[in-house]
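Trainee: What follows is a protein structure lacking sequence information:
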């Protein structure tokens, strides 16, 4: 295998902790789900401390619920800041979604209505989070399976306006764009053309599942498959047009052997090395 570029990383999941601790495979960086490391004395957190000495690490959250009308949970923010201050991550990120209301939490990343009111709430919560952490966060575009009839702003414009108003960065999930484009019948190229590449600091690549219902087919962002060839094509286009970007392979369900995950990372590595000159690749 070619040496992995510093741009390319993989999502670190619990079944692979021992492998990375014992084998120290060649990898540019690792990404973890922040909430899994909030307990300072847990074995997972101890493993992360060791791995952080070997790899850059990014903290990717699922629990800030930035789209909720409720204020951002101060207890959650406090634990996140403790982790961030210790790990000094490459990035801190969360999602364009919501998952709580009136202190009731749901085990999902729920879609927002894309309205001016929702935009104001989301931007408020991003600003609160960035002020508390003392650093920029990245916001990831979601996969979605329904839309609100009263939405007035296309998702790509909503996401771009969040970045413009708050100074946050963007985590561009190309698989989510591909999945949502099928589910909502929009054009992936139009979506990507509307995103300012200067705001994009990280890209996610993952696999999805097709499900047939009585009403028709729906695509679900399961993170349980290799990256599909159409998503690789979107990635090639982005890298060709905009240059190298920190790129993560996500795999969260039906987690494969480490070799399978590393092979997916090698594909991203090959694309970057074939399309980016050494001077542009330097970090």
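Mentor: Received the coordinates, thanks. Please read all numbers here as calculations on a predicted model, not as lab measurements.

Trainee: in the sheet, who's paired with residue 247?
Mentor: Partner residues in beta bridges with residue 247, using DSSP bridges, are residue 8, residue 203.

Trainee: Now do the contacts for it.
Mentor: For residue 247, the contacting residues are 7, 8, 9, 202, 203, 204, 205, 235, 268, 272, by C-beta atoms under 8 Å, 6 or more residues apart in numbering. From N, CA and C alone the C-beta is placed, and that goes for glycine too.

Trainee: Most widely separated two among the residues you listed?
Mentor: Spatially, the most separated pair among the contacts of residue 247 is 204 and 272, at 15.0 Å (C-beta to C-beta).

Trainee: These two - which one has more neighbours?
Mentor: A count of neighbours by other C-beta atoms under 10 Å puts residue 204 above the other of residue 204 and residue 272, at 25 against 22.

Trainee: and the gap between the residue nearest to residue 9 when sequence neighbours are not counted and residue 91?
Mentor: Distance criterion C-beta to C-beta, 6 or more residues apart in numbering; nearest residue to residue 9, sequence neighbours excluded, is residue 29 at 3.8 Å. According to C-beta to C-beta, to the nearest Å, residue 29 stands 9 Å off from residue 91.

Trainee: Spit out the residues that contact those two alike.
Mentor: Joint contacts of residue 29 and residue 91 (C-beta under 8 Å, 6+ apart) are 58, 246.

Trainee: May I see the buried residues of stretch 202-213?
Mentor: For stretch 202-213, the neighbour count (16 or more other C-beta atoms under 10 Å) marks 202, 203, 204, 205, 206, 207, 208 as buried.

Trainee: Check the separation of the first and last residues in stretch 53-60.
Mentor: 18 Å (C-alpha to C-alpha, to the nearest Å).

Trainee: what's that stretch in contact with?
Mentor: Stretch 53-60 has contacts (C-beta under 8 Å, 6+ apart) with 6, 9, 11, 20, 24, 27-34, 37, 48, 51, 80, 83-84, 87, 89-94, 140, 171, 202, 246, 248.

Trainee: One more: stretch 120-136?
Mentor: 64-69, 71-72, 77, 80-81, 84, 92, 94, 96, 112, 137, 139, 161-162, 165-169.

Trainee: Stretch 147-158 too?
Mentor: Contacts to stretch 147-158, defined as C-beta under 8 Å, 6+ apart, come from residues 96, 111-116, 118-119, 141, 144, 161, 180, 184, 186, 190-191, 194-195.

Trainee: thinking again about what came up before, just the buried residues of the contacts of stretch 120-136.
Mentor: 64-68, 72, 77, 80-81, 84, 92, 94, 96, 112, 137, 139, 161-162, 166, 168-169.

Trainee: Count the neighbours of residue 228 for me.
Mentor: Using other C-beta under 10 Å, residue 228 is surrounded by 18 other residues.

Trainee: Tell me the pLDDT of the closest residue to it other than its chain neighbours.
Mentor: Excluding its sequence neighbours, the residue lying closest to residue 228 (C-beta to C-beta, 6+ apart) is residue 207, at 6.3 Å. On the pLDDT scale, residue 207 is placed at 95.

Trainee: Show the backbone phi and psi for residue 207.
Mentor: Taking degrees, to the nearest 10, you get phi -110, psi 160 for the backbone angles of residue 207.

Trainee: Number the residues from 50 up from this point.
Mentor: With 50 as the first residue, the last one maps to residue 256.
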